[in-house]
Structure formats: structure tokens, C-alpha cells
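Trainee: coords please:
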Amino acid sequence: MRSNPTLSRATQKLVFLSALAAASAWSATSAIAQKAECYDAEVSARIVSQTPTIMPDCNDCIIMRWPWIVDLDVRRAQSGEVRRGRLTVLTVQHTDRRSDRAVRWKLRRNTLGGFNVVWFGEAPKRRCSPDAPPALAYITPPNGQTLEDLRREGREYYDRDN
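Mentor: You can find the predicted model right below:
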């Protein structure tokens, strides 16, 4: 059976438009995890809690990673201005990460006044200059909501109690 080149182009166009629609629907509340050129702090910490935000409705698309709200128990700051104790950070991930041990996390200040975790691919090797503007937060709550509201919605939606 011969393939129909018109159908192939039409299918490709449909896939592209679906991906574009999904990205635009999501972009109102979140950012694509950009490659970080630098980091602001490096800490040793253990995960205390990790909650996925609700994935956007994108009909017939596949989402591999989306924003999560993660609480870390910072045990030591290798560099940067981060206090020991509980710290809420934003990540972009596919599923839970191991939480039974402390690991090193490179963090980038974000536009919400907190931190994004930078670890995708090769982590940045240099610290950001003190006057570098913060990175766009991986997810921004809609007007009238907070990160805690998004965390609560994620816990309810995914039936999680952590």
C-alpha cells in the first residue's frame, strides 16, 4: 500500500498544531525549563516532600516533564546564600525522585523569589554574578493563587499526602 504524501503533511501539521496549542495553553502559568547558564547556590539536601502540579489539558499530546513543587531539608550550603532547614524549590520532572538520601542540588534564583532546581543534562559549572536577573520561575500561580494553592490542588488531584 502506497503512503499518501498529502495525508503525511496533514498529519505532520496536525501534530505541530496540537503541540503548539498545548504549549500556549500551558505558557500562561509556567515556563519551559530553560537551560541554566549559571547557578546561584549549591546545597546538600534531602527531599522532604514532592508534589506534581496538575498537568495542562492538551488533548492528544504527550507530556514528558512538568513542574513539581519540592521541599528540601537543606543540610549544608556548599555555595550561595541558603540557610539550613526546609526550603521549597521548583523542579521540572517526570516522576518522583529518590528521597532517602541527601544529594547536591544546584539552584537558580527565580522570579517568584525562590529557586528553580537546575540539573537537566549537564549542570552549569559557574556561579551567576550577583547582579544577574533571576530566571523565570518554572511555574507561576494564576492571579489570586499561591504556590501553596497549586501544591494543595496537585495533592488532591493525584491523591498524594506528602
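Trainee: Pull the residues that contact the top strand by length along the chain.
Mentor: In the chain, with assignment by DSSP state E, the single longest strand is strand 66-79. Contacts to strand 66-79, defined as CB atoms under 8 Å, 6 or more residues apart in numbering, come from residues 30, 41-53, 55-56, 82-93, 97, 102, 104-105, 117, 127, 138-139, 147, 150-151, 154. All C-beta atoms are positioned from the backbone trio N, CA, C, and that covers glycine.
Trainee: can we see that at 7 Å?
Mentor: By CB atoms under 7 Å, 6 or more residues apart in numbering, the residues outside strand 66-79 that reach it are 30, 41-53, 55, 82, 84-93, 102, 104-105, 127, 138-139, 147, 150-151.
Trainee: Pairing partners for the next helix or strand after it, with directions?
Mentor: Next helix or strand after strand 66-79 toward the C-terminus (DSSP states H and E): strand 85-93. Strand 85-93 has the following sheet partners, assigned by DSSP bridges: strand 66-79 (antiparallel), strand 115-118 (parallel).
Trainee: and the gap between Lys92 and Asp73?
Mentor: Actually, residue 92 is Val. It isn't Lys. Computed as CB to CB, to the nearest Å, the Val92 to Asp73 distance reads 21 Å.
Trainee: higher neighbour count, these two?
Mentor: Neighbours per residue (other CB atoms under 10 Å) separate Val92 from Asp73, with Val92 holding more: 22 against 17.
Trainee: any idea how far Ile69 lies from Arg127?
Mentor: Where Arg127 is concerned, Ile69 sits at a distance of 25 Å (CB to CB).
Trainee: Now for the residue nearest the centre of the chain: which residues touch it?
Mentor: Centroid-nearest residue in the chain, with CA atoms, centre = their mean: Val92, separated by 2.6 Å. Val92 makes contact with Ala33, Arg65, Trp66, Pro67, Tyr138, according to CB under 7 Å, 6+ apart.
Trainee: looking at the sheet around it, what are its partners?
Mentor: Counting by DSSP bridges, Val92 forms beta bridges with Pro67.
Trainee: Can you list the low-confidence ranges for this structure?
Mentor: Along the chain, segments meeting pLDDT under 70 span 1-34, 120-121, 162.
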